[in-house]
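Enquirer: Model the following, please.
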Amino acid sequence: MTAVDSARVILKKTFSLALIFNALITLGCVAGIIYGFYVSYPSWEPYSPFLLNGNLFWLAIAAAIINIFPAAAIGRALHTGRFLFHHYVYGAFVVASSSAFVIWFVPQVPLLNLFFVDSNSISVNAGRVFLLAGITLFIDDLPDVSKHIERCLNWIKCKACQVRKVLHISQIITGAISIYCGIAITLSTIYQNPARALPNSFAIVTLFVTGITSFALAKRKAWLKVTPPAPKTTNSFH
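Expert: Numbers count the residues shown, from 1 in each chain. Model (predicted):
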(Lines give C-alpha, C1' and ligand atoms only; values in the text may rest on other atoms or scores of the structure.)
Protein backbone atom coordinates (compact mmCIF):
# COMPACT_ATOMS: atom_id res chain seq x y z
CA MET A 1 0.00 0.00 0.00
CA THR A 2 1.38 3.39 -1.01
CA ALA A 3 1.58 6.41 1.28
CA VAL A 4 -1.33 8.02 -0.60
CA ASP A 5 -3.47 4.91 -0.17
CA SER A 6 -2.61 4.78 3.52
CA ALA A 7 -3.55 8.43 3.92
CA ARG A 8 -6.89 7.82 2.19
CA VAL A 9 -7.63 4.88 4.47
CA ILE A 10 -6.81 6.90 7.58
CA LEU A 11 -8.92 9.86 6.40
CA LYS A 12 -11.86 7.58 5.58
CA LYS A 13 -11.56 5.87 8.96
CA THR A 14 -11.44 9.25 10.70
CA PHE A 15 -14.52 10.33 8.73
CA SER A 16 -16.36 7.18 9.86
CA LEU A 17 -15.45 7.85 13.50
CA ALA A 18 -16.53 11.49 13.14
CA LEU A 19 -19.97 10.44 11.88
CA ILE A 20 -20.43 8.04 14.80
CA PHE A 21 -19.21 10.70 17.22
CA ASN A 22 -21.66 13.26 15.82
CA ALA A 23 -24.54 10.77 16.12
CA LEU A 24 -23.65 10.25 19.78
CA ILE A 25 -23.43 14.01 20.38
CA THR A 26 -26.91 14.33 18.87
CA LEU A 27 -28.17 11.68 21.28
CA GLY A 28 -26.55 13.48 24.20
CA CYS A 29 -27.88 16.93 23.28
CA VAL A 30 -31.39 15.74 22.50
CA ALA A 31 -31.47 13.58 25.65
CA GLY A 32 -31.03 16.74 27.74
CA ILE A 33 -33.79 18.55 25.85
CA ILE A 34 -36.22 15.65 26.19
CA TYR A 35 -35.38 15.25 29.88
CA GLY A 36 -36.18 18.93 30.43
CA PHE A 37 -39.36 18.59 28.36
CA TYR A 38 -40.69 15.60 30.31
CA VAL A 39 -39.14 15.87 33.78
CA SER A 40 -37.55 19.20 34.73
CA TYR A 41 -40.04 21.54 33.05
CA PRO A 42 -43.22 19.57 32.23
CA SER A 43 -45.06 22.70 31.09
CA TRP A 44 -42.21 23.78 28.80
CA GLU A 45 -42.99 23.98 25.09
CA PRO A 46 -39.52 23.59 23.55
CA TYR A 47 -38.58 26.34 21.11
CA SER A 48 -42.21 27.30 20.48
CA PRO A 49 -43.60 28.63 18.18
CA PHE A 50 -40.81 27.59 15.81
CA LEU A 51 -41.04 23.91 16.80
CA LEU A 52 -44.48 22.36 16.43
CA ASN A 53 -44.04 19.79 19.21
CA GLY A 54 -41.24 18.73 21.52
CA ASN A 55 -41.92 15.07 20.77
CA LEU A 56 -40.33 15.59 17.35
CA PHE A 57 -36.98 15.31 19.08
CA TRP A 58 -37.62 11.57 19.37
CA LEU A 59 -37.35 11.43 15.58
CA ALA A 60 -34.04 13.28 15.78
CA ILE A 61 -32.87 10.54 18.13
CA ALA A 62 -34.07 7.97 15.61
CA ALA A 63 -32.08 9.75 12.88
CA ALA A 64 -28.89 9.51 14.92
CA ILE A 65 -29.42 5.82 15.72
CA ILE A 66 -30.25 4.95 12.10
CA ASN A 67 -27.05 6.70 10.97
CA ILE A 68 -24.73 4.84 13.36
CA PHE A 69 -24.69 1.46 11.58
CA PRO A 70 -23.89 2.71 8.03
CA ALA A 71 -21.38 5.19 9.47
CA ALA A 72 -19.62 2.38 11.33
CA ALA A 73 -19.78 0.20 8.21
CA ILE A 74 -17.66 2.77 6.34
CA GLY A 75 -14.84 2.25 8.82
CA ARG A 76 -15.33 -1.50 9.21
CA ALA A 77 -14.71 -2.00 5.48
CA LEU A 78 -11.19 -0.61 5.86
CA HIS A 79 -8.07 -2.41 7.03
CA THR A 80 -6.26 0.03 9.27
CA GLY A 81 -4.47 -2.57 11.35
CA ARG A 82 -3.99 -2.49 15.09
CA PHE A 83 -1.65 -0.47 17.21
CA LEU A 84 -0.87 -2.67 20.22
CA PHE A 85 -4.54 -3.30 21.06
CA HIS A 86 -8.00 -3.44 19.53
CA HIS A 87 -9.78 -0.09 19.28
CA TYR A 88 -12.32 -1.11 21.92
CA VAL A 89 -9.50 -1.34 24.49
CA TYR A 90 -8.67 2.32 23.92
CA GLY A 91 -12.38 3.12 23.94
CA ALA A 92 -12.87 1.38 27.28
CA PHE A 93 -9.84 3.22 28.68
CA VAL A 94 -11.19 6.61 27.56
CA VAL A 95 -14.66 5.83 28.96
CA ALA A 96 -13.18 4.73 32.30
CA SER A 97 -10.88 7.77 32.47
CA SER A 98 -13.69 10.17 31.56
CA SER A 99 -16.00 8.63 34.15
CA ALA A 100 -13.31 8.95 36.83
CA PHE A 101 -12.73 12.58 35.79
CA VAL A 102 -16.43 13.42 36.15
CA ILE A 103 -16.77 11.61 39.51
CA TRP A 104 -13.63 13.27 40.90
CA PHE A 105 -13.77 16.80 39.47
CA VAL A 106 -17.53 17.30 39.00
CA PRO A 107 -19.02 15.66 42.13
CA GLN A 108 -22.08 17.93 41.99
CA VAL A 109 -23.21 16.22 38.77
CA PRO A 110 -23.90 12.47 39.09
CA LEU A 111 -22.31 10.50 36.26
CA LEU A 112 -25.65 8.98 35.22
CA ASN A 113 -27.16 12.47 34.95
CA LEU A 114 -24.26 13.92 32.96
CA PHE A 115 -26.32 14.48 29.82
CA PHE A 116 -29.49 15.53 31.64
CA VAL A 117 -28.20 18.69 33.32
CA ASP A 118 -28.07 22.12 31.75
CA SER A 119 -24.52 23.27 32.43
CA ASN A 120 -21.97 25.57 30.79
CA SER A 121 -19.18 24.19 33.00
CA ILE A 122 -16.00 23.40 31.06
CA SER A 123 -15.42 20.34 33.24
CA VAL A 124 -18.92 18.97 32.62
CA ASN A 125 -18.71 19.48 28.87
CA ALA A 126 -15.17 18.09 28.69
CA GLY A 127 -16.40 14.99 30.52
CA ARG A 128 -19.25 14.64 28.02
CA VAL A 129 -16.99 14.98 24.99
CA PHE A 130 -14.37 12.48 26.17
CA LEU A 131 -17.00 10.03 27.34
CA LEU A 132 -18.66 10.09 23.92
CA ALA A 133 -15.26 9.83 22.22
CA GLY A 134 -14.55 6.64 24.17
CA ILE A 135 -17.95 5.20 23.31
CA THR A 136 -17.26 6.04 19.65
CA LEU A 137 -14.07 3.96 19.66
CA PHE A 138 -15.90 1.16 21.44
CA ILE A 139 -18.77 1.12 18.92
CA ASP A 140 -16.33 1.20 16.00
CA ASP A 141 -14.76 -2.05 17.20
CA LEU A 142 -17.82 -3.60 18.86
CA PRO A 143 -17.93 -6.86 16.83
CA ASP A 144 -14.39 -7.69 18.01
CA VAL A 145 -15.26 -7.43 21.71
CA SER A 146 -16.59 -10.98 21.89
CA LYS A 147 -18.05 -13.70 19.68
CA HIS A 148 -21.37 -13.41 21.53
CA ILE A 149 -21.64 -9.70 20.72
CA GLU A 150 -20.68 -10.41 17.11
CA ARG A 151 -23.48 -13.01 16.85
CA CYS A 152 -25.97 -10.54 18.36
CA LEU A 153 -24.93 -7.85 15.89
CA ASN A 154 -25.22 -10.29 13.00
CA TRP A 155 -28.72 -11.20 14.19
CA ILE A 156 -29.67 -7.51 14.30
CA LYS A 157 -28.17 -7.05 10.84
CA CYS A 158 -30.29 -9.94 9.51
CA LYS A 159 -33.43 -8.38 10.97
CA ALA A 160 -32.46 -4.98 9.55
CA CYS A 161 -32.11 -6.53 6.10
CA GLN A 162 -35.74 -7.58 6.28
CA VAL A 163 -36.87 -3.97 6.77
CA ARG A 164 -34.12 -2.13 4.89
CA LYS A 165 -36.59 -0.29 2.66
CA VAL A 166 -38.38 0.99 5.75
CA LEU A 167 -35.04 2.04 7.26
CA HIS A 168 -34.08 3.79 4.03
CA ILE A 169 -37.32 5.83 3.98
CA SER A 170 -37.09 6.44 7.74
CA GLN A 171 -33.56 7.77 7.31
CA ILE A 172 -34.82 10.43 4.91
CA ILE A 173 -37.81 11.41 7.06
CA THR A 174 -35.94 11.51 10.38
CA GLY A 175 -33.05 13.38 8.73
CA ALA A 176 -35.48 16.06 7.56
CA ILE A 177 -36.97 16.28 11.06
CA SER A 178 -33.48 16.59 12.53
CA ILE A 179 -32.73 19.58 10.30
CA TYR A 180 -36.14 21.09 11.13
CA CYS A 181 -35.35 20.79 14.86
CA GLY A 182 -32.01 22.50 14.25
CA ILE A 183 -33.73 25.34 12.39
CA ALA A 184 -36.31 25.72 15.20
CA ILE A 185 -33.58 25.97 17.86
CA THR A 186 -31.68 28.48 15.69
CA LEU A 187 -34.70 30.75 15.23
CA SER A 188 -35.66 30.46 18.89
CA THR A 189 -32.13 31.40 19.93
CA ILE A 190 -31.95 34.40 17.59
CA TYR A 191 -35.37 35.86 18.33
CA GLN A 192 -36.12 34.72 21.89
CA ASN A 193 -32.97 33.87 23.82
CA PRO A 194 -29.70 35.17 22.29
CA ALA A 195 -27.95 34.62 25.64
CA ARG A 196 -28.07 30.88 24.98
CA ALA A 197 -26.34 31.15 21.61
CA LEU A 198 -23.21 29.29 22.76
CA PRO A 199 -24.82 26.33 24.59
CA ASN A 200 -27.52 25.98 21.92
CA SER A 201 -24.92 25.99 19.15
CA PHE A 202 -23.83 22.44 20.02
CA ALA A 203 -27.34 21.09 19.51
CA ILE A 204 -27.88 23.19 16.38
CA VAL A 205 -24.68 22.05 14.65
CA THR A 206 -25.05 18.38 15.55
CA LEU A 207 -28.70 18.28 14.42
CA PHE A 208 -27.78 19.83 11.07
CA VAL A 209 -24.87 17.42 10.60
CA THR A 210 -27.10 14.47 11.53
CA GLY A 211 -29.71 15.56 8.99
CA ILE A 212 -27.15 16.09 6.23
CA THR A 213 -25.56 12.73 7.05
CA SER A 214 -28.97 11.08 6.79
CA PHE A 215 -29.51 12.51 3.31
CA ALA A 216 -25.99 11.64 2.18
CA LEU A 217 -26.27 8.02 3.37
CA ALA A 218 -29.76 7.74 1.86
CA LYS A 219 -28.41 9.03 -1.46
CA ARG A 220 -25.76 6.31 -1.32
CA LYS A 221 -28.56 3.84 -0.53
CA ALA A 222 -26.57 2.67 2.46
CA TRP A 223 -29.40 0.72 4.05
CA LEU A 224 -30.64 -0.70 0.73
CA LYS A 225 -27.17 -2.14 0.11
CA VAL A 226 -27.03 -3.95 3.46
CA THR A 227 -26.75 -7.71 3.02
CA PRO A 228 -27.05 -10.50 5.60
CA PRO A 229 -23.72 -11.52 7.11
CA ALA A 230 -22.07 -14.37 5.25
CA PRO A 231 -22.06 -17.63 7.20
CA LYS A 232 -18.65 -18.53 8.50
CA THR A 233 -17.12 -21.67 7.11
CA THR A 234 -15.52 -24.06 9.50
CA ASN A 235 -12.19 -25.64 8.69
CA SER A 236 -12.53 -29.42 8.63
CA PHE A 237 -8.78 -29.99 8.77
CA HIS A 238 -7.02 -30.16 12.13
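
Enquirer: Who are the contact partners of the closest residue to residue 26 other than its chain neighbours?
Expert: Nearest residue to residue 26, sequence neighbours excluded (C-beta to C-beta, 6 or more residues apart in numbering): residue 64, at 4.1 Å. C-betas here are computed from N, CA, C, even on glycine. Residues in contact with residue 64 (C-beta atoms under 8 Å, 6 or more residues apart in numbering) are 23, 24, 26, 27, 30, 178, 210.

Enquirer: Residue 213 too?
Expert: Residue 213 neighbours (C-beta under 8 Å, 6+ apart): 19, 22, 23, 67, 71, 175.

Enquirer: hang on, the earlier thing: out of the contacts of residue 64, which are inside helices?
Expert: Cross-referencing the contacts of residue 64 against helices under DSSP state H gives 23, 24, 26, 27, 30, 178, 210.

Enquirer: Same list (these) but as JSON lines, adding neighbour count.
Expert: Output for these, formatted as JSON lines (neighbours: other C-beta atoms under 10 Å):
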{"residue": "23", "neighbour count": "28"}
{"residue": "24", "neighbour count": "20"}
{"residue": "26", "neighbour count": "30"}
{"residue": "27", "neighbour count": "19"}
{"residue": "30", "neighbour count": "25"}
{"residue": "178", "neighbour count": "31"}
{"residue": "210", "neighbour count": "30"}
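
Enquirer: nearest to residue 102, of the residues you listed?
Expert: Distances from residue 102 to these, taken as C-beta to C-beta, are shortest for residue 24 (16.1 Å).

Enquirer: Quick check: pLDDT value at the closest one.
Expert: pLDDT for residue 24: 96.

Enquirer: Please render the ones in helices among the contacts of residue 64 as a markdown table that adds distance to residue 37 to the earlier fields.
Expert: A markdown table is the format used below for the ones in helices among the contacts of residue 64 (distance: C-beta to C-beta, whole Å):
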| residue | distance to residue 37 |
| --- | --- |
| 23 | 21 |
| 24 | 20 |
| 26 | 16 |
| 27 | 15 |
| 30 | 10 |
| 178 | 16 |
| 210 | 19 |
